[in-house]
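Participant: what's the 3D shape of this:
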Amino acid sequence: MQITNEQSFQAMDLAFEKAKQIGVNANIAILDTYGYLKAFQRMDDAFLGSIDIALGKAKTAMLFRMNSEQVGTFLQPSREAYGMVNTSGGLVAFPGGMPVKAGGEIVAYIGVSGGSPDQDFMIATAGSNI
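Facilitator: Next comes the predicted model:
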């Protein structure tokens with residue numbers, strides 16, 4: 001199942017409102033389950049450098065169907081998969097990327113960047129259940 005336009009607007013609105021609530025100017029990306037961009041929002045004054053990070057977090061979550069920070073556990077220098085961080089055009093393996101679910105099914109992936117890792121995680125979580 002793929003995310004619909006209406007669902008992508010809903011996920012974006014939920015994430016955007018959470019970002020405003022906690023005072024973070026974020027970049028928010030939503031990719032469909034094939035990894036193609038469905039929606040993107042760069043809030044006023046959001047860091048330009050965070051655009052690629054938001055997209056990378058969503059892509060990392062999509063490639064492994066799990067939260068980006070969960071992928072990060074495999075990429076630590078002490079792990080055998082450490083070099084994997086350079087695959088697929090580069091992985092972004094810290095909090096802020098995760099699956100978006102509707103009716104318990106993954107329909108998309110969201111990536112957020114602009115705040116601290118904990119803030120990005122909170123914003124992404126807000127948009128992840130539609």
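
Participant: how about the strands in this protein?
Facilitator: 27-32, 37-42, 97-102, 105-113 (DSSP state E).

Participant: mind putting the ones you listed in a markdown table, distance to Ile123, mean pLDDT and mean neighbour count included?
Facilitator: Where you see a C-beta, it was placed from the backbone N, CA and C, and this is true even at glycine. Formatted as a markdown table, those follow (distance: least, C-beta to C-beta, whole Å; pLDDT from 0 to 100; neighbours: other C-beta atoms under 10 Å):
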| stretch | distance to Ile123 | mean pLDDT | mean neighbour count |
| --- | --- | --- | --- |
| strand 27-32 | 7 | 98 | 26 |
| strand 37-42 | 11 | 98 | 18 |
| strand 97-102 | 11 | 98 | 24 |
| strand 105-113 | 4 | 98 | 26 |
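
Participant: Could you dump those into TSV with distance to Glu80 added?
Facilitator: What follows is the strands of the chain, written out as TSV (distance: least, C-beta to C-beta, whole Å):
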stretch	distance to Glu80
strand 27-32	28
strand 37-42	32
strand 97-102	22
strand 105-113	25
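
Participant: Tell me where the longest helix sits in this structure.
Facilitator: helix 5-22 (DSSP state H).

Participant: Straight-line length of stretch 85-98, end to end?
Facilitator: Start to finish, the residues bounding stretch 85-98 are 17 Å apart (C-alpha to C-alpha, to the nearest Å).

Participant: So what's the gap between it and the chain middle?
Facilitator: 10 Å (C-alpha atoms, centre = their mean, to the nearest Å).
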